[in-house]
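J.: structure, please.
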Amino acid sequence: MKQRTQGPAGAAEAAATAAPGRCRVPAQPAAQGAADRLRDRAGGTEGDAVRGEHTHGEGPLPRPAVQRSSVRGQILAALRTALVTGDLRPGEVYSAPVLAERFGVSATPVREAMQQLALEGAVEVVPNRGFRVVERGARELAELAEVRALIEVPVMLRLARTVPAERWAGLRPLAEATVRAASSGCRATYAESDRAFHAAVLALTGNEQLVRIAEDLHRRAQWPLVGGVSGTRGRAQLIADAHEHTALLDALIAGDLDVIRSLVGEHFNGAG
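T.: Coordinates of the predicted model:
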């Protein structure tokens, strides 16, 4: 991996030349080198240590191409992708300065992004060290699926009775996009298209709070389990989940409530 020798401006140049469609993110060495530690001490502050800046024992790290504008948002998106792919491993501790070094930005937007993930429950602050990715078990995933079903099943049944067929047909491109994303085998690409489809369906209610809450639950359901259980889902499983979107859309157009109820329950149990 090419080490950073430039600031955000250099990162912007990297954004213009980065290869499109990349799914995986490069890995970081298991421990930080002596030069990195000296650089952190020179550039850090006592407040940094309180927020957590330990640099040892860290696993794979994402390195997106970032631009000057919306750096924090780009870093947050990259970290969310790394959570889905398992490149940010459950139980591992990551520090803002080391992540920032690999991103080619200052530690501030990385720390802000990690603090946002802490608010979302994806990571937890470890004083004087950094941020630990939360370890999740199968029970939590099952609970998330149950809550999503309690929210979305009655909503979709209501929408099936009230939304005209032509509006459902307008969501066909989003459903088909999930199939293409699944065919790529990239879990992060599929996760994004999956959320887009579900959000578009729920947006037909006109209830922004519902869409926001459902998206948060959906995102949390996509994080890997401890041991990487959910991260082992293969391409065939992703494609099967994606085809459930098109089948659900057909049922919504037809107003077949029994099929809708069954499909949504099965889809959530598959963490889709």
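J.: what is the neighbour count of residue 192?
T.: Residues within reach of residue 192, counting by other CB atoms under 10 Å, total 18. (Each C-beta comes from the backbone N, C-alpha and C, glycine too.)
J.: name the element it belongs to?
T.: Here residue 192, judged by DSSP states H and E, is contained in helix 187-203.
J.: quick check: mean pLDDT of the helix or strand residue 160 falls within?
T.: Using DSSP H and E, residue 160 maps to helix 138-162. Helix 138-162 shows an average pLDDT of 91 in the prediction.
J.: residues near residue 253, how many?
T.: Counted with other CB under 10 Å, residue 253 comes out at 18.
J.: surely residue 76 is in contact with residue 115?
T.: No. Counting by CB atoms under 8 Å, residue 76 stays clear of residue 115, with 10.0 Å between them.
J.: my read: residue 264 touches residue 145, true?
T.: No. Counting by CB under 8 Å, residue 145 is not a contact partner of residue 264; they are 10.4 Å apart.
J.: out of the two, which sits in the busier spot?
T.: Neighbours per residue, other CB under 10 Å: of residue 264 and residue 145, the larger number sits with residue 264, 24 against 19.
J.: residues contacting the more buried one?
T.: Taking CB atoms under 8 Å, 6 or more residues apart in numbering as the criterion, residue 264 is in contact with 149, 152, 153, 156, 248.
J.: list the buried residues for the helix or strand that the helix holding residue 160 is followed by?
T.: Once the chain leaves helix 138-162, the next helix or strand it forms, by DSSP H and E, is helix 165-169. Residues of helix 165-169 classed as buried: residue 168 (neighbour count, 16 or more other CB atoms under 10 Å).
J.: helices or strands next to helix 165-169 in the packing?
T.: If you count contacts as 3 or more CB pairs under 8 Å, 6 or more residues apart in numbering; DSSP states H and E, helix 165-169 packs onto helix 235-254.
J.: now the helix it packs on and helix 187-203, what's the angle there?
T.: In terms of direction (axes from the mean of the first three to the mean of the last three CA atoms, to 10 degrees), helix 235-254 departs from helix 187-203 by 10 degrees.
J.: now helix 235-254 against helix 138-162, angle please.
T.: Relative orientation of helix 235-254 versus helix 138-162 (the same axes, to 10 degrees): 30 degrees.
J.: would you put the C-alpha positions of the next helix or strand after helix 235-254 in CSV?
T.: Toward the C-terminus, helix 235-254 is succeeded by helix 257-269 as the next helix or strand (DSSP H and E). Extracted in CSV, the C-alpha atoms of helix 257-269 (Å, rounded to 0.1, in the frame of the first residue of the first chain):
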residue,chain,number,x,y,z
LEU,A,257,-51.3,-9.5,0.8
ASP,A,258,-50.5,-13.1,1.8
VAL,A,259,-47.5,-13.2,-0.5
ILE,A,260,-46.3,-9.8,0.7
ARG,A,261,-46.5,-10.9,4.3
SER,A,262,-44.6,-14.1,3.6
LEU,A,263,-41.9,-12.5,1.4
VAL,A,264,-41.1,-9.7,3.8
GLY,A,265,-40.8,-12.0,6.8
GLU,A,266,-38.4,-14.3,4.8
HIS,A,267,-36.4,-11.4,3.5
PHE,A,268,-35.8,-10.0,7.0
ASN,A,269,-34.8,-13.4,8.3
